[in-house]
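**Student:** From the sequence below, what's the structure:
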Amino acid sequence: MGEVCDFRFYQSRKLVKERARNKKLIYEVYLSTIQFVHLTADGTYEDPGDYLNTSTDLRELYMNDEEKFWQMFDLVKKYWRLEIKYGNEIFGRAFDAFPTVESLCFFIKKEMKIM
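**Tutor:** Sure thing, here's the model as predicted:
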């Protein structure tokens, strides 16, 4: 299972890099975020752009399943090579901290500036 997940991760990474070529950083942040949300959500769409945008409600999309949210969050951290330390205070509150795709994108961009 780990090999399949890694293949899907690297396939997603390649797709995002190709689409984001010659665009601004925030565009790549957005593309990577929706790609990994799409990868971990139970959607039936082929292209994440068909149903995901900055105002997409993550609680609704993940049907209040924080475990799936954290799987996606870990993939995004891996993609950007972020060393984010989050404590127990955020567990059980992921959808309060990150209600939309946009809020997650801004968080990622902010974390990248810290590095």
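
**Student:** Is Leu31 within a helix or a strand, and which one?
**Tutor:** helix 25-40 (DSSP states H and E).

**Student:** which residues are in contact with that helix?
**Tutor:** Identification of contacts with helix 25-40 by CB atoms under 8 Å, 6 or more residues apart in numbering yields 8, 12-13, 15-17, 19-20, 45, 48-49, 52-54, 56, 58, 61-62, 68-69, 71-72, 75-76, 79-80, 101, 104-105, 108-109, 112. C-betas here are computed from N, CA, C, even on glycine.

**Student:** Give me the buried entries from those residues.
**Tutor:** Among the contacts of helix 25-40, those scoring as buried are 12-13, 16, 20, 48, 52, 56, 58, 61-62, 68-69, 71-72, 75-76, 79-80, 101, 104-105, 108 (criterion: 16 or more other CB atoms under 10 Å).

**Student:** Next step: the residues you listed restricted to helices.
**Tutor:** 12-13, 16, 20, 58, 61, 68-69, 71-72, 75-76, 79-80, 101, 104-105, 108 (DSSP state H).
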